[in-house]
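[1] All I have is the shape, not the residue letters:
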């Protein structure tokens, strides 16, 4: 019924009435503005006031959803990458993990990689920034990864006693290291080799006949 009234009001005067649809439009405008301003000005010169002006909302509207600029920046980055960083469910843990890792590398090598670098750098001295990155980007991806690994355990691809946190740190730690230290190339092929090495170490042991024990 409410949707019908909203549609009728829109047809009558050509204006969208206040309410949730408009709020969501504003929220998306703020996220887009955040990414655009970061791309031009970087993290150090980033200001909430500029975001609000660019998104054509009041500063109070921004603070309604985000308590500080760290939370806003982390959310903007996370929202722009969520669709690309989903874990597939192909029936193979190697395929599932390596495809997602390749996508993460693709993000890191794009212009959005500069945002990640700025967040991690600022997070060394600003606790709010690194906490926002963990809560809004890292942990949602991590929870998806747990499900992927648990499916692999159920299929017998990984040991039942596999340490999931150690496994994920071993898979993704080297990606972050190459991304930040830049001591070697960060390529999709690196993700595939890394994935094969780590997952092989977590696979069930085989007996002398070549079959899993």
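    Cool, the structure landed. These figures come from a predicted structure and were not determined experimentally.

[2] ok, the residue nearest to residue 90 when sequence neighbours are not counted - how many residues close by?
    In space, and not counting its chain neighbours, residue 90 is closest to residue 96: 5.6 Å by Cβ to Cβ, 6 or more residues apart in numbering. For glycine as for every other residue, the C-beta is placed from the backbone atoms N, C-alpha and C. Residues near residue 96, counting by other Cβ atoms under 10 Å, number 22.

[3] Also the one 10 residues further on?
    Around residue 106 sit 17 other residues, with neighbours defined as other Cβ under 10 Å.

[4] And for residue 132, the neighbour number?
    Residue 132 is flanked by 25 other residues according to other Cβ under 10 Å.

[5] Show me what the helix or strand harbouring the residue nearest to residue 90 is packed against.
    Here residue 96 sits within helix 93-109, counting by DSSP states H and E. Secondary-structure packing of helix 93-109 (3 or more Cβ pairs under 8 Å, 6 or more residues apart in numbering; DSSP states H and E): helix 112-122, helix 139-155, helix 164-181, helix 188-201.

[6] Could you tell me the least trusted of these?
    When the helices and strands packed on helix 93-109 are compared on mean pLDDT, helix 112-122 scores lowest, with a mean of 89.

[7] Just the buried positions in it, please.
    Buried residues in helix 112-122, counted by 16 or more other Cβ atoms under 10 Å: 112, 115, 116, 118, 119, 122.

[8] avg pLDDT for the helix or strand following that helix?
    Sequence-wise, the next helix or strand downstream of helix 112-122 (DSSP H and E) is helix 127-133. Over the span of helix 127-133, the pLDDT mean works out to 91.

[9] do the same with stretch 66-82
    Rounded mean pLDDT across stretch 66-82 is 91.

[10] distance between it and the chain's centre?
    How far stretch 66-82 lies from its chain's middle: 10 Å, per Cα atoms, centre = their mean, to the nearest Å.
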